[in-house]
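Colleague: Sharing a model that was predicted from the sequence below.
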Amino acid sequence: MAATNILAPFTAVRLAWAIAGKFTSEPDGKVSAQDAEDRLKKMSTEAAKNPTEQSYVSQSEATIFAAVRNLEIIYKGRKLNFEENEKVRQAYMENVQDSIQFGSKAKDYLKTLPTIAIAGPGVAGTLGPSIAAYFGVVEVNQSLFLWGFGALTAGLGYLIHAYFVYRGRKRSQMLYVEQDYERNLYYDQYLARVVATLTGLYQDIDRIHEQTFSAYYPIKNGNAQRVVEDLLKGVRPTMCKYVNEHMRKGLVTPEVWTLCEVGEPPSAKCPHWT
């Protein structure tokens, strides 16, 4: 017998990836995982009819579940990265909200200054003439002064509040962009580890096949890396190839982030491309 008729190495890779779905919170992933485990059990039952196949499938099954265990660790590591990133960004967001609240309190305080002046004749009686004297005005109408002072402080309060709100909103938008970008980086790292694990699984199964059947499993197109890449092609991130460089240079803004994230060909419209 030159090759197995039950469990090809690339089938083992697909089964391992499907079984790893049980670690996610998605119902479909758990269903697919159960189906894959049931299929592997049927293969073991079928292999029991032939000693050579039984030896090969038994060793392969142990290797598959070892790889699944590694995939579980990788997945939990990605989940932890996401959770920690969420906490860090939440702390930044609280700082932004604090600055907005500071601007609001400053506005409210400035609005109360004319009232304080009215409530305290000593303050008004001293403050008005002092300011007038500073500007060379000999006489000053107290009511007119208080009206002007109130308008000035109200306007100043509005400007301060508007400044902090504007900065807060812009910073909030950029924080969401940075968080999205960092999650893409974590996800890309996660997939790189998955590729390494599944590629190693294919190679291990193929070595077991060579030891059992005295030949590596015949593969028509490419190699182990190609098999894994084809399997994960649909879940790869699509960020623009320039996004890391542009993030470092501060060129990425909320307005262009969608182009950065979806990658080519829409990112060809990126204003920073040269």
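Modeller: It's in. Numbers count the residues shown, from 1 in each chain.
Colleague: contacts, neighbours, all on C-alpha from now
Modeller: OK.
Colleague: Pull the number of nearby residues for residue 226.
Modeller: Residues lying near residue 226 (other Cα atoms under 10 Å) number 12.
Colleague: Compute the distance between it and residue 271, please.
Modeller: 35 Å (Cα to Cα, to the nearest Å).
Colleague: what do you get for residue 2?
Modeller: When residue 2 is compared with residue 271 (using Cα to Cα), they lie 57 Å apart.
Colleague: Residue 82 and residue 185 touch, don't they?
Modeller: No - Residue 82 is beyond contact range of residue 185, at 10.4 Å (criterion: Cα atoms under 8 Å).
Colleague: Now residue 190: closest residue in space that isn't a chain neighbour?
Modeller: In space, and not counting its chain neighbours, residue 190 is closest to residue 78: 6.2 Å by Cα to Cα, 6 or more residues apart in numbering.
Colleague: Same drill for residue 2 and residue 271, tell me which one is more crowded.
Modeller: Between residue 2 and residue 271, counted using other Cα under 10 Å, the more crowded position is residue 2 (13 against 10).
Colleague: ok, now which ones touch residue 67?
Modeller: Applying Cα atoms under 8 Å, 6 or more residues apart in numbering, we find residue 67 in contact with 16, 197-198, 201.
Colleague: Over to residue 246?
Modeller: Residues near residue 246 by Cα under 8 Å, 6+ apart: residue 252.
Colleague: let's have the chain start at 258 instead
Modeller: OK, 258 is where the count begins now, so the last one is residue 503.
Colleague: rewinding a little: what about the residue nearest to residue 447, which helix or strand?
Modeller: Taking DSSP states H and E as the definition, residue 335 sits inside helix 308-376.
Colleague: go on, residue 294?
Modeller: helix 284-304.
Colleague: For that helix, list every residue counted as buried.
Modeller: 286-287, 289-291, 293-294, 297, 300-301, 304 (16 or more other Cα atoms under 10 Å).
Colleague: Looking at those, which is nearest residue 515?
Modeller: Top of the list for closeness to residue 515, among the buried residues of helix 284-304 and by Cα to Cα, is residue 286 at 28.0 Å.
Colleague: ok, now how distant is residue 336 from residue 276?
Modeller: 18 Å.
Colleague: Could you do residue 484 as well?
Modeller: With Cα to Cα as the criterion, residue 484 and residue 276 are 18 Å apart.
Colleague: what does residue 517 give?
Modeller: 33 Å.
Colleague: what does residue 304 give?
Modeller: According to Cα to Cα, residue 304 stands 20 Å off from residue 276.
Colleague: And for residue 510?
Modeller: From residue 510 to residue 276 the distance is 39 Å (Cα to Cα).
Colleague: go on, residue 495?
Modeller: In this view, residue 495 and residue 276 are 25 Å apart by Cα to Cα.
Colleague: So between the two, which is more surrounded?
Modeller: More crowded of residue 495 and residue 276, by other Cα under 10 Å: residue 276, with 25 against 13.
Colleague: out of everything not next to it in sequence, what's closest to the more buried one?
Modeller: Residue 276 sits nearest to residue 290 (Cα to Cα, 6+ apart), 3.9 Å away.
Colleague: isn't the one you found right up against residue 283?
Modeller: No - between residue 290 and residue 283 there is no contact under Cα under 8 Å: 10.8 Å.
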